[in-house]
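*Asks:* Provided below for reference: sequence and predicted model.
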Amino acid sequence: MGKIIAIANQKGGVGKTTTSVNLAASLGVLEKKVLLIDADPQANASSGLGLDVESVELGTYQVLEHTIAAKDAIVSTTSPNVDLIPAHIDLVAIEIELVDKQNREYMLQKSIIDIKDDYDYILIDCAPSLGLITLNSLVAADSVIIPIQCEYFALEGLGKLLNTIKSVQKIHNPDLDIEGLLLTMFDSRLRLSNQVVDEVRKHFSSMVFDTIIRRNTRLGEAPSYGESIIAYDATSKGAVNYLNLAQELLKKNA
């Protein structure tokens, strides 16, 4: 049975989509069958895997609406062993449309239960908010990875996210685990980056991944070519970091 992992943080610009795309690609290279669900109306995970977002007709919006089965929204990607349920800007409307629905928090969970056994890992790229789409993602997930930027405001809002996860565990999904906190955008030359790493490790110790994602120009360039860092530059620091993260995840779940 596949494991569903949400990649979430309500702060923008912390590396959620970068992590979703490149962790999916790294797991695929390590011969795991992966599905990436783009649950962000900005649809950056979809374009980051080479999809023309404007041409998306079936995706996360229709899956959450229950107008189609999840398997009918799946498209293959050029990344080995990686499939995608893409997003489109129309996903932004789902927050309003689901508001009056019964069991609105369980829409994604119900949709993907039939395809869970088809994959080793299902990753969900969450929007930078704690709205209904992110709530659906956390309810559907077995665990959550929280990317934390190695910068000044890194811990701001983390408490709020952890409280949201606690209330999801209490009300909707008692089996939801924290897979780990992932330190991103690390620059070893900056004292601040090192201080953030020390603070996060001091407060959360065993919850923090050993792997740290370093600042890397190639990581920033890859999405503009519609490629993961593995396809764009497999020898770059970014590729090595995400392959290490994938291996750490596999070891943890062995």
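*Replies:* Everything's here; your move.

*Asks:* Q62: what's it in contact with?
*Replies:* 68, 73 (C-beta atoms under 8 Å, 6 or more residues apart in numbering). C-beta coordinates here come from the backbone N, C-alpha and C atoms, glycine included.

*Asks:* now the helix or strand harbouring it: mean pLDDT?
*Replies:* Per DSSP states H and E, Q62 falls inside helix 60-65. Helix 60-65 carries an average pLDDT of 94.

*Asks:* contacting residues around L190?
*Replies:* Contacts here follow C-beta under 8 Å, 6+ apart; on that basis L190 touches C150.

*Asks:* ok, residues contacting stretch 92-112?
*Replies:* Residues external to stretch 92-112 that are found in contact with it (C-beta under 8 Å, 6+ apart): 4, 37, 39, 41, 61, 63-66, 69-70, 122, 124, 131-133, 135-137, 139-140, 172.

*Asks:* give me the number of residues near G159?
*Replies:* For G159, the count of nearby residues is 9 (other C-beta atoms under 10 Å).

*Asks:* So it lies in a helix, does it not?
*Replies:* Yes: counting by DSSP: H, G, I helix; E, B strand; the rest coil, one finds G159 located in a helix.

*Asks:* pLDDT value on it, please?
*Replies:* The predicted structure scores G159 at 83 on the pLDDT scale.

*Asks:* Could you report the distance from it to V208?
*Replies:* 16 Å (C-beta to C-beta, to the nearest Å).

*Asks:* Also S26?
*Replies:* Distance, S26 to V208, by C-beta to C-beta: 19 Å.

*Asks:* What sits closest to Q10 if chain neighbours are left out?
*Replies:* L130 (4.8 Å; C-beta to C-beta, 6 or more residues apart in numbering).

*Asks:* list the contacts for that neighbour?
*Replies:* Contacts here follow C-beta under 8 Å, 6+ apart; on that basis L130 touches 10, 160-161, 164.

*Asks:* Now it: phi and psi?
*Replies:* Note on L130: its backbone torsions stand at phi -110, psi 40 [degrees, to the nearest 10].

*Asks:* Do you have the strands of the stretch 151-254 of the chain handy? List them.
*Replies:* 177-186, 208-214 (DSSP state E, counting those that start in this stretch).

*Asks:* swap in the stretch 1-150 of the chain?
*Replies:* Taking DSSP E, counting those that start in this stretch to define them, one finds strands in the stretch 1-150 of the chain at 3-7, 34-39, 75-76, 82-85, 121-126, 143-149.

*Asks:* Pick the most deeply packed of those strands.
*Replies:* With neighbours defined as mean count of other C-beta atoms under 10 Å, these peak in mean count at strand 34-39, which reaches a mean of 29.

*Asks:* Now do that one against strand 121-126, angle only.
*Replies:* With axes from the mean of the first three to the mean of the last three C-alpha atoms, to 10 degrees as the basis, strand 34-39 and strand 121-126 are set at 20 degrees to each other.

*Asks:* Figure out how far strand 34-39 is from the centre of its chain.
*Replies:* Its chain's C-alpha centre and that of strand 34-39 lie 8 Å apart, by C-alpha atoms, centre = their mean, to the nearest Å.

*Asks:* start to end distance for stretch 211-218?
*Replies:* Using C-alpha to C-alpha, to the nearest Å, the end-to-end distance of stretch 211-218 comes to 18 Å.

*Asks:* So which bits of that stretch are buried?
*Replies:* Residues 211-216 are the ones in stretch 211-218 that count as buried (16 or more other C-beta atoms under 10 Å).

*Asks:* ok, the spatially closest residue to I230 that is not a sequence neighbour to F204 distance?
*Replies:* With sequence-adjacent residues excluded and distances taken as C-beta to C-beta, 6+ apart, I230 is closest to A25, at 4.4 Å. Going from A25 to F204 by C-beta to C-beta gives 27 Å.
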